[in-house]
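> Build the 3D model from these lines:
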Amino acid sequence: MSNESENIEEEASDPNVSEALIEETAEPDVHEVEGRESKHMALSRLYGLHKRGRLATDDYQRNFVDRKSKWNTKLIESVLCGIDIGSVELVKATTEDGEMYYIVDGQHRILTIMRYLDNEFTLAKNHLTKVNSSVIGQRFQKLGERWQNKLQDTEVTAFMYRENEHHDAASIFLRRNEGSSNLNKMERYNARWCRSIVYRALWDLVDVREEDSTDKSRKDMNSAAMQWQGFALSNNKRLESLRVLLEFVKDIHHFDNGEDITKGESEVKYYEDELHAAGEKEIKTIQKMVKDFLSVWRIVDHGSGLNKSSYWDCTEESGNKPHRILHPVLTLVIHKITKMGKTDAIAHATDIRDFLDTFVTNNSELFFPVGDTRKFTVDDEKIRHLVHYTLDSLVTHLEELGVNYKIDKPVSPALRKEILNERKVGDHWVCEISGGTLIDDSDIDIDHTVKRSLGGKTTKDNLRIVHKTLNRSQRYNSTQEEE
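Predicted coordinates for the structure are as follows:
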């Protein structure tokens with residue numbers, strides 16, 4: 001033991017050993033990328049990688065968008081004229097199938113050239129200004145050999161490296177676009193979180209992929225993703241579908257927890273603050289909630305677009321903002337009715353749709369307020385009250401059709417009469433929200449303070465006399481109503 005102590009003391013006192021230990025443990029001044037190299041690569045080399053499936057874009061990249069005739073034509077013309085089209089950036093990765101090259105920067109330029117070499121588009125003659133358009137205005141396979149070779153032999157400068165713990169392709173992609181307007185909010189979100197488990201689980205709900213005919217689970221996922229894209233009105237824009245999905249989960253979370261669904265953090269901030277650390281059980285709960293919602297929405301909507309402005313007799317020009325009120329209200333109502341009983345909701349989908357048609361039309365002033373759009377605001381009170389009002393009315397309607405929900409019964413005519421008799425003050429009643437005087441009992445609603453759909457009881461201590469117009473308006477504070 002004494003010998004060990006002596007050795008330790010000797011090492012500690014030896015300046016060479018101390019310096020070596022410090023050198024080993026100290027943080028380096030700079031964390032460099034791994035295996036960086038720069039080389040000239042012929043477009044034919046990149047095309048060969050492309051055809052073998054070894055040149056690709058990673059998940060953090062923006063979706064490739066065809067920039068149409070003019071941009072495509074000008075790019076190919078630039079190559080033929082010998083104009084430098086800029087460098088590209090690739091990250092190399094070793095996979096079971098060999099070396100893969102993922103495009104970090106230059107996606108649109110490289111993939112457009114690959115598409116031209118694949119004969120996917122013709123050069124537009126009206127956009128060719130520096131070449132003989134009658135000769136060059138062709139698909140690649142129709143070009144003369146000279147120009148085919150010119151195109152294929154053109155070299156671009158490729159900067160390549162491998163990922164390490166300090167630099168992955170996604171973080172470099174974000175760094176390259178930092179401070180610019182090139183990326184929107186969802187593109188930045190996609191690049192930052194695309195490799196996380198929670199993100200992948202959410203992405204699976206909106207992403208339609210090529211499927212193996214024998215892979216039933218992939219078919220089911222694709223079916224759900226197509227349904228979600230239809231609900232999100234995204235026209236296969238996957239990042240927009242994902243944004244609507246995050247908004248859906250956020251709104252339900254806030255609504256259920258009594259938090260304001262119209263203000264506060266964005267969908268991306270909600271993901272970063274709440275969702276990204278979700279466990280496996282919570283992820284499965286969200287996936288099931290979304291799939292259950294879609295199974296009901298798909299049948300209720302029946303492809304008609306209930307959440308589209310065009311479905312209803314209203315226009316944006318008149319000052320209506322149906323998406324600002326109607327979309328969240330219908331979403332939350334269908335979610336709630338699904339949660340109360342998915343089987344019953346599916347069985348009565350046509351009844352639900354017919355009810356919503358009539359209910360929204362009869363209360364159009366609540367869902368489609370007309371006025372100066374600059375002064376138009378939607379607050380949590382309006383949304384929350386409309387959800388409760390719509391849901392309670394829908395539940396009552398379905399109960400009349402024989403659906404037996406595990407909630408308390410509605411107010412019976414006998415109980416209504418009893419309450420009116422007990423609470424009459426002389427020749428009138430008093431509205432228990434506004435304090436206003438009510439003379440005619442036809443102007444009175446017997447309202448649940450805590451809504452039945454939220455577990456409220458049909459007992460006198462949970463019932464109040466309310467002016468019918470006030471009860472069916474969106475002006476009073478629904479937070480007070482639930483206290």
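
> switch to C-alpha atoms for all contacts and neighbour counts from now on
Fine.

> Relative to His397, how far out is the residue nearest to Lys336 when sequence neighbours are not counted?
Take Lys336 and drop its neighbours on the chain: the residue closest to it by CA to CA, 6 or more residues apart in numbering is Leu391, 7.8 Å away. Leu391 sits 10 Å away from His397, going by CA to CA, to the nearest Å.

> Comparing the two, which residue is more hemmed in?
A direct count of neighbours by other CA atoms under 10 Å for Leu391 and His397 places Leu391 higher, at 24 against 15.

> immediately after the host helix or strand of that one, which helix or strand?
Under the criterion of DSSP states H and E, Leu391 resides in helix 380-400. Using DSSP H and E, the helix or strand that follows helix 380-400 towards the C-terminus is helix 413-422.

> In this protein, what residue spans correspond to strands?
34-42, 55-56, 88-95, 98-105, 155-162, 429-430, 437-438, 444-448, 463-467 (DSSP state E).

> Which of the ones you listed sits closest to His302?
strand 444-448 (32.5 Å; CA to CA).

> what's the closest one in contact with?
411, 416, 438, 456-458, 462-468, 471 (CA atoms under 8 Å, 6 or more residues apart in numbering).

> can you check stretch 247-257 too?
By CA under 8 Å, 6+ apart, stretch 247-257 touches 260-261, 267, 270, 286, 328, 331-332, 384.

> what mean pLDDT would you report for that stretch?
Stretch 247-257 carries an average pLDDT of 88.

> likewise stretch 145-156?
Across stretch 145-156, the per-residue pLDDT values average to 94.

> Could you pull out the buried residues of it?
151-152, 154-156 (16 or more other CA atoms under 10 Å).

> so can I have JSON lines of those residues showing distance to Val198?
Formatted as JSON lines, the buried residues of stretch 145-156 follow (distance: CA to CA, whole Å):
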{"residue": "Leu151", "distance to Val198": "43"}
{"residue": "Gln152", "distance to Val198": "42"}
{"residue": "Thr154", "distance to Val198": "42"}
{"residue": "Glu155", "distance to Val198": "40"}
{"residue": "Val156", "distance to Val198": "37"}
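
> Among these, which one sits closest to Lys51?
Among those, and counting by CA to CA, the member closest to Lys51 is Gln152, at 13.8 Å.

> re earlier: Leu80: which of the strands of the chain is closest?
Of the strands of the chain, nearest to Leu80 by CA to CA is strand 155-162, at 11.6 Å.

> Contacts made by that closest one with the rest, please.
33-43, 84-93, 168.

> Which among those residues count as buried?
33-34, 41-43, 85, 88-92.

> Run through the residues that contact Val296.
Counted by CA under 8 Å, 6+ apart, Val296 has contacts 334, 338, 342, 345-346, 349.

> switch to 10 Å and redo it
Taking CA atoms under 10 Å, 6 or more residues apart in numbering, we find Val296 in contact with 302, 334-335, 337-338, 342-349, 352.

> and what of Arg192?
Counted by CA under 10 Å, 6+ apart, Arg192 has contacts 60, 170-171, 173-174, 186, 199.

> and the two most separated of the residues you listed?
Among the contacts of Arg192, Phe173 and Tyr199 lie farthest apart (CA to CA), at 17.9 Å.

> Select the helix or strand of this protein having the lowest average pLDDT value.
Least confident helix or strand, the chain: helix 478-482 with a mean of 37, by mean pLDDT, DSSP states H and E.

> Just the mean pLDDT for stretch 458-474, thanks.
81.

> do the same with stretch 384-397
pLDDT averaged over stretch 384-397 gives 89.

> Pull out the buried positions in the helix holding Leu391.
So for helix 380-400, counting by 16+ other CA under 10 Å, buried means 380-396, 398.

> sorry, back to before: quick one, which of the strands of the chain gets closest to Thr358.
Nearest of these (CA to CA): strand 444-448, 19.6 Å.

> Surely Thr112 touches Leu75?
Yes - counting by CA atoms under 10 Å, Thr112 does reach Leu75; the two are 8.4 Å apart.

> more neighbours, the two?
Neighbour count, other CA under 10 Å: between Thr112 and Leu75, Thr112 has more, with 24 against 17.

> Give me the distance between that one and Ile83.
In terms of CA to CA, Thr112 sits 16 Å off from Ile83.

> For the closest residue in space to Met114 that isn't next to it in sequence, list the residues it contacts.
Using CA to CA, 6+ apart and skipping the chain neighbours, the partner closest in space to Met114 is Tyr47 (6.2 Å). Listed by CA under 10 Å, 6+ apart, the contact partners of Tyr47 are 53-55, 110-111, 113-115, 117-118, 152.

> cool, and Ser304?
For Ser304, the contacting residues are 298, 310-311, by CA under 10 Å, 6+ apart.

> Name the member of the residues you listed with the most neighbours.
Going by other CA under 10 Å, Arg298 tops those with 18 neighbours.

> List the contacts of the nearest residue to that one once chain neighbours are set aside.
In space, Arg298 comes closest to Gln227 once its chain neighbours are excluded; the distance is 7.1 Å by CA to CA, 6+ apart. By CA under 10 Å, 6+ apart, Gln227 lies in contact with 205-206, 221, 233, 291, 294-295, 297-298, 303.

> any idea of the pLDDT on Gln227?
So, for Gln227, pLDDT stands at 82.

> Check the one 10 residues further on too.
The model reports Lys237 with a pLDDT of 69.

> Ok, Gly319 next?
So Gly319 comes in at 44 (pLDDT).

> Find the residue closest to Arg36 in space, skipping its chain neighbours.
Closest to Arg36 by CA to CA, 6+ apart is Tyr161, at 4.3 Å.

> Now do the domain split for the protein, please.
As assigned by automatic domain parsing, the chain contains the domains 34-182, 202-400, 413-482.

> Mind putting these into JSON lines with distance to Glu27?
Below are the domains of the chain laid out as JSON lines (distance: least, CA to CA, whole Å):
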{"stretch": "domain 34-182", "distance to Glu27": "12"}
{"stretch": "domain 202-400", "distance to Glu27": "28"}
{"stretch": "domain 413-482", "distance to Glu27": "54"}
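
> which stretches of the stretch 51-200 of the chain have low pLDDT?
The model of the stretch 51-200 of the chain has pLDDT under 70 over residues 58-67, 176-183.

> the helices in it, which residues?
68-80, 107-117, 133-136, 145-153, 169-176, 185-193, 197-204 (DSSP state H, counting those that start in this stretch).

> Serialize those to JSON lines and add fields for distance to Asp97.
Listed next are these as JSON lines, based on distance: least, CA to CA, whole Å:
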{"stretch": "helix 68-80", "distance to Asp97": "31"}
{"stretch": "helix 107-117", "distance to Asp97": "21"}
{"stretch": "helix 133-136", "distance to Asp97": "38"}
{"stretch": "helix 145-153", "distance to Asp97": "25"}
{"stretch": "helix 169-176", "distance to Asp97": "20"}
{"stretch": "helix 185-193", "distance to Asp97": "25"}
{"stretch": "helix 197-204", "distance to Asp97": "23"}
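
> Among those, which comes closest to Lys125?
helix 133-136 (5.3 Å).

> Please identify the buried residues of the closest one?
By neighbour count on 16+ other CA under 10 Å, the buried set for helix 133-136 is Ile136.

> Touching it from outside, list them.
77, 80, 122-128, 142-144, 147.

> Quick one: buried ones out of those?
The buried subset of these - by 16+ other CA under 10 Å - is 77, 80, 122-125, 127-128.

> Thanks a lot, catch you later.
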